[in-house]
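Student: Here is my input, please return the structure:
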Amino acid sequence: MRQNDGVSFTSSPLKIPLSQTPAFQLTGTRHLAFQLIDSLRNRFNNVKHHSTQLNVSAQSELGVRSSTRRSPLLCFASVSLAAEKQSIGRSPLLYSASLSLTQPDSTESTQDGHLATAGRYSEDRVLVGEVLVRNKDGDELERKDLEMEALNALKACGANSALTAWEIQEDVDRIIDSGYFSSCTPVAVDSRDGIRLVYGVDIFSGGIVRLKVAESEVNDISVHFLDQKTGEPTKGKTKPATILRQLTTKKGQVYSRLQGKRDVDAISAMGLMDVSILPQSAGDAGKVDLIMNVVERPSGRFSAGAGISSGITSDLLSGLFGSFAYSERNLFGKNQKLNVSLEKGQIDSTFGINYTDPWIEGNDKQTSRTITVQNSRNSGTLVHGNQHDNSSLSIGRVTAGVEFSRPLWPKWSGTAGLFFQRSGAHDEKRNPLIKDFYGSPLTASGKLCDDILLAKVECVYPGSGNKGSSMFIINMEQGLPVMPDWLYFNRVNARASKSVKLGPARLLLRLSGGHVVGNFPPHEAFAIGGTNSVRGYKEGAVGSGRSYVVGSSEVSLKMLGPVEGVIFSDYGHDLWSGPNVPGNPAGARNKCGSGYGYGIGIRLNSPLGLLRLEYAFNDRFAKRLHFAFGNPK
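Tutor: Residues are numbered from 1 along each chain as shown. As a prediction, this is how the structure comes out:
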């Protein structure tokens with residue numbers, strides 16, 4: 001073949017779009033492709049017989065344009081046809097045209113007027129100097145954010161990059177897949193600085209968008225235990241069934257991330273472990289497996305502490321007590337709890353064993369069960385005061401019982417229980433007493449001990465502790481006279497509080513009250529006055545009656561770090577029920593039956609809990625310093 005001197009070659013790819021007409025047939029595709037080839041061959045033959053400068057501009061139906069103005073070109077197009085596995089007559093064909101142009105010094109040669117057609121990975125590359133995004137009229141897009149969306153979709157195309165036709169086509173697909181454009185046409189234009197690649201895009205201007213939302217169904221839920229230090233898989237102590245029953249997400253349900261977060265919070269509330277839920281594809285379309293990674297915490301511990309009894313009316317040192325306890329929070333790997341505690345002071349002492357199953361197996365209402373055995377000795381001065389020789393008496397109680405609790409409504413819980421209690425009074429030498437110094441009885445039955453079978457019902461709304469939160473507790477105790485000498489009485493007690501945020505300060509309002517009827521021990525009367533009642537008075541100094549009401553208000557303000565200041569006022573009244581208590585212990589000790597107090601204090605959030613130091617005045621011009629642990633009751 002005669003060499004074509006003075007002919008230069010470049011390369012520009014051509015892409016012909018997929019027909020959008022479902023009825024497009026194979027014959028039409030071949031006819032269009034053959035027309036393109038014949039046209040390109042005619043241009044090739046003209047270039048062979050003429051040595052003058054030739055301008056060639058080629059443009060496909062997709063809008064790919066290549067133009068050169070510096071030298072004649074030799075061009076050739078090859079067409080490849082590809083069909084899906086379906087019948088050719090049922091689906092459109094994907095076809096492409098590649099326009100190959102080479103420089104005069106190229107080592108490639110042609111045979112019989114044809115150039116070799118390159119595949120996807122061996123195709124000639126074109127050096128692109130600039131990449132632009134324009135509308136179908138060649139103007140800049142009015143919305144620059146959409147222009148950036150198109151540019152960000154480009155992965156292969158970029159300034160000063162060598163590209164193949166396949167790479168350009170893939171970037172076209174990415175622009176369409178972004179969802180902002182209805183069509184995209186790549187146009188290659190020869191410029192002074194090289195080939196400029198322009199994407200002419202059509203922006204969606206209206207219509208109907210059809211979305212297919214696929215909800216993932218929970219296929220399986222599994223628990224994986226991880227080592228706390230290494231993070232490697234390990235054997236867990238907690239039974240998987242104990243963890244899985246806390247989940248509201250069940251197999252076969254639609255997976256919800258919000259519901260999964262609530263499940264994580266429920267498991268974390270057990271206090272035994274840290275947990276995370278990882279959804280993974282189940283292999284089947286529309287299904288997901290939930291993997292629960294669990295890191296267990298130590299469940300058994302010893303603890304020791306100290307406190308001050310609220311029933312002490314004399315100096316604070318006599319009310320000091322020390323405590324020691326052992327607790328196991330995951331007994332048998334079922335989240336069951338065992339607590340053995342001992343508190344010992346100069347007057348008060350308590351030894352108790354508590355076993356709690358927070359969720360009875362087989363119960364679908366999340367009912368808990370608590371078994372209690374306790375032996376306690378507490379000061380009786382709340383009602384009876386000190387003896388004539390300034391000695392104190394104590395009330396001993398032996399209690400054993402069981403109670404059941406369960407959620408009732410959102411944020412409400414209920415408790416019902418049955419307890420047996422034997423109680424009696426003793427002096428400092430542990431000698432039993434029937435009457436005090438004033439001749440008031442210390443037992444209701446007239447014997448050394450009173451026996452009570454007590455049925456208890458309680459309803460609790462704990463509140464959230466946030467701004468505007470509320471708390472409400474009401475309980476009722478009924479003495480059941482199963483035996484002739486067992487006590488029969490009914491006692492109702494209620495407490496409520498409301499917290500309101502006032503700018504940087506917080507207002508807390510509290511109200512409590514109760515009433516008891518029947519034959520009950522005098523030491524079970526409602527005692528009014530003291531640190532958790534009417535401040536400014538000694539414990540139980542305002543009154544002790546069958547009925548009572550106590551109201552309190554306080555304003556607290558953050559001061560420095562964990563320290564806050566507080567201003568408070570309290571009021572209490574026995575509703576003229578003091579004389580109705582057996583033996584009238586309040587009247588014998590000249591208790592006023594009503595009173596109020598007010599003062600200031602500071603509080604400290606410490607590792608031991610909330611520490612309270614309060615200085616109060618009462619309506620009888622007396623003053624008193626109060627020190628306590630925990631929030632006011």
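Student: Just want the most central residue of this protein.
Tutor: Residue closest to the mean C-alpha point of the chain, counted by CA atoms, centre = their mean, is Lys261 at 4.7 Å.
Student: Surely it forms part of a helix?
Tutor: Yes: Lys261: assigned to a helix according to DSSP: H, G, I helix; E, B strand; the rest coil.
Student: pLDDT score assigned to it?
Tutor: Note for Lys261: predicted pLDDT of 92.
Student: Repeat that for Lys85.
Tutor: Confidence score, pLDDT, at Lys85: 36.
Student: How about the one 3 residues further on?
Tutor: The per-residue pLDDT reported for Ile88 equals 32.
Student: Same question for the one 5 residues further on.
Tutor: At Leu93, the pLDDT value in this model is 33.
Student: before we move on, what about Ile195?
Tutor: Looking at Ile195, the pLDDT reads 82.
Student: ok, what's across the strand from it?
Tutor: Counting by DSSP bridges, Ile195 is bridged to Val128, Asp190.
Student: How many residues are close by it?
Tutor: 21 (other CB atoms under 10 Å). Any C-beta I mention is one placed from the backbone N, CA and C, and that applies to glycine too.
Student: now do Lys456
Tutor: Neighbours of Lys456 under the rule other CB under 10 Å: 16.
Student: The one 3 residues further on too?
Tutor: Counted with other CB under 10 Å, residues neighbouring Cys459 total 17.
Student: Check which helices and strands the helix or strand harbouring it sits against.
Tutor: Assigned by DSSP states H and E, Cys459 belongs to strand 450-461. Strand 450-461 sits against strand 413-426, strand 470-479, with contacts defined as 3 or more CB pairs under 8 Å, 6 or more residues apart in numbering; DSSP states H and E.
Student: of all those strands, which lies closest to Phe617?
Tutor: For Phe617, the closest of the helices and strands packed on strand 450-461 is strand 470-479, at 27.7 Å, according to CB to CB.
Student: Buried by neighbour count: which residues of the strand holding Cys459 qualify?
Tutor: Residues of strand 450-461 classed as buried: Asp450, Asp451, Ile452, Leu453, Leu454, Lys456, Glu458, Cys459, Val460, Tyr461 (neighbour count, 16 or more other CB atoms under 10 Å).
Student: do the same with stretch 291-306
Tutor: Within stretch 291-306, the residues that count as buried by 16+ other CB under 10 Å are Met292, Asn293, Val294, Val295, Glu296, Ser299.
Student: wait, which of those residues is closest to Asn160?
Tutor: Asn293 (47.3 Å).
Student: ok, now how distant is that closest one from Arg329?
Tutor: The gap separating Asn293 from Arg329 is 21 Å, by CB to CB, to the nearest Å.
Student: Enumerate every residue touching the residue nearest to the centre of the chain.
Tutor: Lys261 makes contact with no residue, according to CB atoms under 8 Å, 6 or more residues apart in numbering.
Student: Then Gly322?
Tutor: Contacts for Gly322 were tallied using CB under 8 Å, 6+ apart; they are Ala304, Gly305, Ala306, Glu343, Lys344, Gly345.
Student: ok, the fourth one touching Arg377?
Tutor: Same thing as Glu343. No: with contact taken as CB atoms under 8 Å, Glu343 and Arg377 are classed as non-touching, separated by 10.1 Å.
Student: list residues touching both of those two?
Tutor: With CB under 8 Å, 6+ apart as the test, Glu343 and Arg377 both reach Ser349, Thr350.
Student: Output the buried residues of strand 450-461 in a markdown table; the columns should cover pLDDT and distance to Thr350.
Tutor: Converted to a markdown table, these look like this (pLDDT from 0 to 100; distance: CB to CB, whole Å):
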| residue | pLDDT | distance to Thr350 |
| --- | --- | --- |
| Asp450 | 95 | 19 |
| Asp451 | 96 | 20 |
| Ile452 | 96 | 18 |
| Leu453 | 97 | 22 |
| Leu454 | 96 | 18 |
| Lys456 | 97 | 19 |
| Glu458 | 97 | 21 |
| Cys459 | 96 | 26 |
| Val460 | 95 | 23 |
| Tyr461 | 93 | 28 |
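Student: helices or strands up against the helix or strand harbouring Pro186?
Tutor: Per DSSP H and E: Pro186 is located in strand 181-191. On a contact count with 3+ CB pairs under 8 Å, 6+ apart, strand 181-191 meets strand 65-67, strand 126-135, helix 144-153, helix 165-177, strand 194-203.
Student: among the ones you listed, which gets the worst mean confidence?
Tutor: Here these differ in mean pLDDT, and the lowest is strand 65-67 at a mean of 32.
Student: how many other residues sit next to Glu361?
Tutor: A total of 10 residues lie near Glu361 under the criterion other CB under 10 Å.
Student: tell me the contacts of it?
Tutor: Lys334.
Student: and Lys591, how many neighbours?
Tutor: As a burial measure, Lys591 scores 25 neighbours (other CB under 10 Å).
Student: thinking it is in contact with Tyr537, fair?
Tutor: No: using CB under 8 Å, Lys591 is not in contact with Tyr537, being 9.7 Å away.
Student: Filter the contacts of Gly322 down to just the ones in helices.
Tutor: In helices, judged by DSSP state H, none of the contacts of Gly322 are found.
Student: wait, which of these is closest to Tyr488?
Tutor: Glu343 (31.3 Å).
Student: any idea how far Asn580 lies from His515?
Tutor: Note on Asn580: its distance to His515, by CB to CB, is 11 Å.
Student: what touches both of these two?
Tutor: In contact with both Asn580 and His515: Arg546, using CB under 8 Å, 6+ apart.
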